[in-house]
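*Asks:* Sequence first, predicted coordinates after that:
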Amino acid sequence: MDVQPNNQQIQLIKVEKAYGKHNVLSNCNVNIKRGEFVVIVGRSGSGKSTLLNLIGGLDKPTLGEINILGYSLHTLNEEKLSNLRRKYFGFVFQFFNLIPTLTALENIRLPMSLNGISKKDSINGAKLLLKELRLSGLENHFPDELSGGEQQRVAIARALSHRPEIILADEPTGNLDLETANEVLDLLNTTCRRRGTTLIMATHSKEVMGLADQIFSIRDSEIKKAST
Amino acid sequence: MNRFLILATIILTSCSEHHEQIATQIENATEFLGESVPEGFARVTSQRIFQFPEDHGSHEDYQNEWWYITGNLEASQQRHFGFELTFFRYGLNANTTPRKSEWAANHAWMGHLAVTDSQNNEFVAVERFSRQALKLAGTQTTPFKVWLEDWFIYGNKDNIWPLSVNANSERVGLNLTLNSKKPAVSHGDGGVDQKGPEKGNASHYYSFTRLDAKGTVRIDERSYQVSGSAWMDREWGTSSLSPDIAGWDWFGLQLSDEREFMYYRLRTNDGQSSPYSGGSIILPDGERLNLNASDVFLEPLKYWTSPETGATYPTSWQISIPQEEMTLTVNPYLDKQELNLTVRYWEGAMKVNGIRKGQSITGQGYTELTGY
Amino acid sequence: MNTLLCVAATRFYLKRPWQLCLAIFGIALGVAVYVGVDLANDSARRAFNVTASLINGSTTHQLVGTANDIPNSLYRDLHLKYGVRFAAPVIEDGVRLASNTRRELTVLGIDPLKETEFRGFSSFIPGSETNLPQLISEPGTALLPESLMSELGLERDDELGLLVGNIEKKIRVIGTVRDISLTAEGATAPIIMDIATAQELFNRTTISRIDLILNDSEAEDLTSLDLPNVLLTDANDRNASFDELARAFQTNLTALSLLALLVGVFLIYATMSFAVVQRRKTFGVLRALGVDRNQLLLVTLSEALIIGAIATLLGVLLGHQLANSLVELVLQTTGDFYFRSNVAPATPSILLYIKGFILGVATTLAAAAAPALDAAHTMPQTAISRAKLERSTRKIADRAALISVPISLAALVLLGFSTKSLYLGFIGLFLVIAASTLLIPTATRVFAKLVEPALERSFGISGSLAARGISASLSRTGVATAALTVAVATVIGIGLMVSSFRISVDEWLSGTLTADIYLSTESENVFSNSRIEELNAIQGVIGTSITRFIRVPTEQGELTIRAQRAGPLGWGLSLIEEFPDAIERMESNEGILVSEPLAFRQGLEPGDKLPLPTKQGKEEFTILGSFKDYNTNGGTILMSLSLYRTYWNDEDINGVGVYLDTNSDRENTISEIRTFLEETPSVRYRSTDFIQEQSLSIFDQTFKITEVLRVLAGLVAFLGLFSALMSIEIEKTREVATLRAMGLDPRQIGILTLSQTSLLGLASGLFAIPLGIIMAILLIYVINVRSFGWSMSLVLSSQPLLFGVLLALTASILAGIYPTVRAIKFNVAPQLRDE
């Protein structure tokens, strides 16, 4: 699958999502350009994660259309969606979700390895990232041997490792103390900016909003663009 | 010829593995008979004037005895067949105390039936055994009869001739009538054929060397009207081979000049001829010339290895008898005439070419090769 | 396959070595039982074939006399008149050792000159030292089995005293034969002698039979001759009924071993689905990272393949070892049916090992297929709700419970429609098991709900939590319970079947053996009328039953005729299907009774006619009914002695039942009978108690192998449950930590853990009772009847039931101990920090 980068990298047109009778999102229109830093705010359960899942192709909208990198998601089958995620997305989760049986280095290598990057290149790439994220020396630690902040930095490194077009971060600092949270956010933001990677983050953090290009707030299933 | 041992050998080896090298069998036989010839059997020690018809029947005082018929036959379009039908009697026990059971037997019988179909390159040989009890096998003198279950030869009320020959097995069968053209001939020294230096290591041996044969030969479902010429040997005694004898080569040839030639070479372990080898030339009038070991020279011309048993036999021969100015070349109709039975040997129909006193002669007959 | 995915999977198992080991060992054991039984069966079958071919050789037909004798002249006529080419005379008869009159031996009289075509005489007479001319021509010479030679300390040319009837005769041993035996009775190989010697030994003028090699047309020709007083039997037919028994027995063993494998399959299913469930979250993340379904399927199936291959390899090796011990048991049991052989078990074909390996790996893969598909269909979500998983599991469980209804119906229909096929019987049995398995997860949930109030009352919150934990973790507990239930039910079912069978046999023996003492002989003319009168005259004897046993060849194989004049206490029969007054009608010579297995196999019903070869030619006899008979002789026909004597012209008797007066001095009477018997040493004296004891010990011997298999199935079940419960409890570490944090003390946690595992064990044990009973019913009323034609009634003895429940409980409590100790001891804080 080859994707031509265009201005409107992510488009949600009249997207609606309901679980049973419960409407989570309705009439949701979002446009995101390449390299933007987008923040999604809202209360717990307001549908932030749902929005991210929809964009990441992890979930399907009840109505409406989602275009990512020029692809209409509803036209893609499970395999092509997997392919899309593997190549162009990076995920950072609230609970880190590292693979418990892989070391820090291996977790970071995993997306590269899945994308067919050679072992040597993936090790070099991962090591660079470890250095960049100040994780040097922790290469061979398993997730349960790392602190929360370290785990999240590994997760960020994993999300960045295969140079995705888009990073989806779901409350990446939700489980971290303030200081660590700021550190992690800073890292995420600067790295994405430097690489020109689109960053879409669901968060409660007020500080982050100042850095964002666009802010969407979700309330009562309505999505509104807030001024930065 | 020395077919004595075959039966002794079979009786000994039917309890061990089949088809061992005949050499081992001979060895066993030699050991057995050489060292412990059963007490009580008569031995051939003096000359004998054969009395007929009595001597056609059994001589149960002696341990071994056989009736041995071979011949070359021709069906229409000169299609050649060879045949062999043999009855061996083997004395198990010289003690003749009567026993209660009808099955009690002091004699065992072995029969061989072989047919050679030269045109189809086919050779079939079968054997059978029986005890001499319940009239399953035996002999009688008047009228003459020898039988082994439903194989038999029998003569007329008073005379052995014409002799009916009848033997059938699953694949082949014989039904012939034989008439002798010459009287019986006694071999050796007054009917005594000495086999070795030991006293009593000898047999009584006489032959009918030229028999007219007529009848049918059956191969599988087809029967052929045949006629030709046969040869019958009779031999009995209580005897064994000397330990240094490995086997023998026997020839019984009917020549176109109305003579017959019989010679057996006893082969020593080192491949030499034993001085106890011997034979006869039967003249057209039935008179006999004695042949000693020094009178006959044998030269194998060709060898054949049996694919079934791996044994190698000299199947073509040159025979020279300088005193008769005779040289004969003997070739088999078929190489494949090995009887791979409980006792393994080669016995085959032969054709003869040669020269006697500058005249070319032809002939046919049978050759028996053992110990290979 | 992606290497990092493989690394992740490998480390997953390496971090749980006990889980891996238990799974591997469980599968290995299941495979081992299957392979072991298969190899043992094959080995026994080959040993049997070797023996049979040595004894029967290339015999295709036999000529047998209607009263065990054939005139000598017939043999000659076969050769000389009827043109039969391959015929061999045989005398087979029994003798006793003069030095030990209780020791029975078989004598085989043959014509050695005829044997080469038949038995390859050379192959059972070792060496070439045997002097065959001597054996044939010297009176009184014989060849002895090697084992008997050494047992009696005999050497070549020694003399041996034999009792023929009550006359002692000497034979001279001139050689040995290998230890091959042909009769069910003879534990020792036969003494071989020349046919003439045998005739003289037994003082007979006839032979027992003539072995023949005939092609079809020759056989037809011979049949058309209609020779008087003899019967031409097909050697294959003759053995057919025995073969059938032996085959049915082996089929039963194979089915039992498949059951063990089935439990093994459950184990791999439980292991794999557990391994998938444990990694559900990881799989969700991987899916989010772009790993597609096929990759996940490939990974999980590869795991199963590797585990299955290792375990199966181990299982095949274990099975090989197991076979060595099983084969003796199999040989022994089939020997009871047919023959006894001292032949060493044959080496099984390598193909069986390969077959076992392929079967093991294939079943592992099949069992892993569902969990693997499950893994592949993990939604690419990052936070899987456990509650959601359990909800869907519950839904699946309920649906499965519904499916079990049509499956059971199918099983019933199958069993109802086919009344003879053993294989369909087994398929029905397996369907019933399958249906029950599907029912169990839902049943477990309901059970947990039902016991919750009681538990809460007894143990407070711990008890309630334990009960809820079971239904709340159905995805983990359901399969484990099902596996354990099937295994325990198998153990119960087989146990019930064997104990019911034993009780039926015991009752049957008590009912049948009406006399107090049984006298029997294999010799002829031992019991004359005057002897029996003398016996009756002994003080304290109130009467006798007299019986003539003969074996007759029929078109349905060899059958036993039991011609009897009943004693004072009647026939002692339990009739199954009969005309009214069947026994009275039999006594008045209107017809015969047949044994139940014979009636079942031949489909004989009262009113049918059964042709039998009599001295007057083939005669048809009316069947008046069938009677219970647990003998394994292929079929018995019961008739009055007078009817037998009319048709067989045979006045001989070889069995006498003696009835004693309960009031008189028993000891004295017995000793008088003993004295009376001194004149006839060939007569065997057996008390009813002794026969009963002996028969039951033979029975136990026969079912020893069943017991072994039952224990093995139990062991597999135990391992399965142990590993499943351990996995469940260890997975709950976090939950336990939370509870500890909330203030539950270690004792409460211990109660929680232990009561949860015991509850599962109890549930399995309880479910196994009805299922076990159903299995017993099917084994008794379907499988046993179809295999052997024996009917019996189900006896619900408590021992097998208790044993099953105890097995389940013990396994579950043992399995709970380690997690309990762990739960009590563990450090709370780090477990709470994160996942």
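*Replies:* Nice, thanks for sending it over.
*Asks:* Dig out what B:Leu174 forms beta bridges with.
*Replies:* Counting by DSSP bridges, B:Leu174 is bridged to B:Ala167, B:Val217.
*Asks:* wait, it sits on B:Ala114?
*Replies:* No - using Cβ atoms under 8 Å, B:Leu174 is not in contact with B:Ala114, being 9.9 Å away. C-beta here means a position set from N, CA and C on the backbone, and glycine is covered the same way.
*Asks:* Which neighbours do those two have in common?
*Replies:* Common contact partners of B:Leu174 and B:Ala114 (Cβ atoms under 8 Å, 6 or more residues apart in numbering or on different chains): B:83, B:85.
*Asks:* Tell me how many other residues crowd B:Ala311.
*Replies:* B:Ala311 is flanked by 19 other residues according to other Cβ atoms under 10 Å in any protein chain shown.
*Asks:* Please name the nearest non-neighbouring residue to it.
*Replies:* Distances taken as Cβ to Cβ, 6 or more residues apart in numbering or on different chains place B:Tyr372 nearest to B:Ala311, at 5.0 Å, with adjacent residues excluded.
*Asks:* Next: A:Asn67.
*Replies:* Take A:Asn67 and drop its neighbours on the chain: the residue closest to it by Cβ to Cβ, 6+ apart is A:Gln11, 4.2 Å away.
*Asks:* how about the strands in chain A?
*Replies:* A:8-19, A:22-33, A:37-42, A:63-68, A:71-72, A:89-92, A:166-170, A:198-202, A:214-219, A:222-226 (DSSP state E).
*Asks:* Rebuild those strands as TSV, extending it with distance to C:Ser758.
*Replies:* Shown next, in TSV, are these (distance: least, Cβ to Cβ, whole Å):
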stretch	distance to C:Ser758
strand A:8-19	40
strand A:22-33	42
strand A:37-42	48
strand A:63-68	52
strand A:71-72	56
strand A:89-92	43
strand A:166-170	42
strand A:198-202	46
strand A:214-219	50
strand A:222-226	54
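*Asks:* export the ones you listed to JSON lines and tack on mean neighbour count, mean pLDDT and distance to C:Ala98?
*Replies:* What follows is these, written out as JSON lines (neighbours: other Cβ atoms under 10 Å in any protein chain shown; pLDDT from 0 to 100; distance: least, Cβ to Cβ, whole Å):
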{"stretch": "strand A:8-19", "mean neighbour count": "17", "mean pLDDT": "86", "distance to C:Ala98": "97"}
{"stretch": "strand A:22-33", "mean neighbour count": "17", "mean pLDDT": "86", "distance to C:Ala98": "101"}
{"stretch": "strand A:37-42", "mean neighbour count": "23", "mean pLDDT": "89", "distance to C:Ala98": "108"}
{"stretch": "strand A:63-68", "mean neighbour count": "18", "mean pLDDT": "90", "distance to C:Ala98": "103"}
{"stretch": "strand A:71-72", "mean neighbour count": "14", "mean pLDDT": "88", "distance to C:Ala98": "102"}
{"stretch": "strand A:89-92", "mean neighbour count": "26", "mean pLDDT": "88", "distance to C:Ala98": "96"}
{"stretch": "strand A:166-170", "mean neighbour count": "26", "mean pLDDT": "89", "distance to C:Ala98": "99"}
{"stretch": "strand A:198-202", "mean neighbour count": "26", "mean pLDDT": "91", "distance to C:Ala98": "104"}
{"stretch": "strand A:214-219", "mean neighbour count": "18", "mean pLDDT": "87", "distance to C:Ala98": "109"}
{"stretch": "strand A:222-226", "mean neighbour count": "14", "mean pLDDT": "82", "distance to C:Ala98": "111"}
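*Asks:* now for these, which one comes closest to C:Val594?
*Replies:* Smallest distance to C:Val594 across the strands of chain A (Cβ to Cβ): 73.5 Å, for strand A:8-19.
*Asks:* correct me, but the residue nearest to A:Asn67 touches A:Lys33?
*Replies:* No - in terms of Cβ under 8 Å, A:Gln11 does not count as a neighbour of A:Lys33; the distance is 10.2 Å.
*Asks:* picking up where we left off before, roughly how far does the residue nearest to B:Ala311 sit from chain A?
*Replies:* In this view, B:Tyr372 and chain A are 73 Å apart by Cβ to the nearest Cβ, to the nearest Å.
*Asks:* Wasn't that residue part of a strand?
*Replies:* No - applying DSSP: H, G, I helix; E, B strand; the rest coil, one finds B:Tyr372 to be coil, outside a strand.
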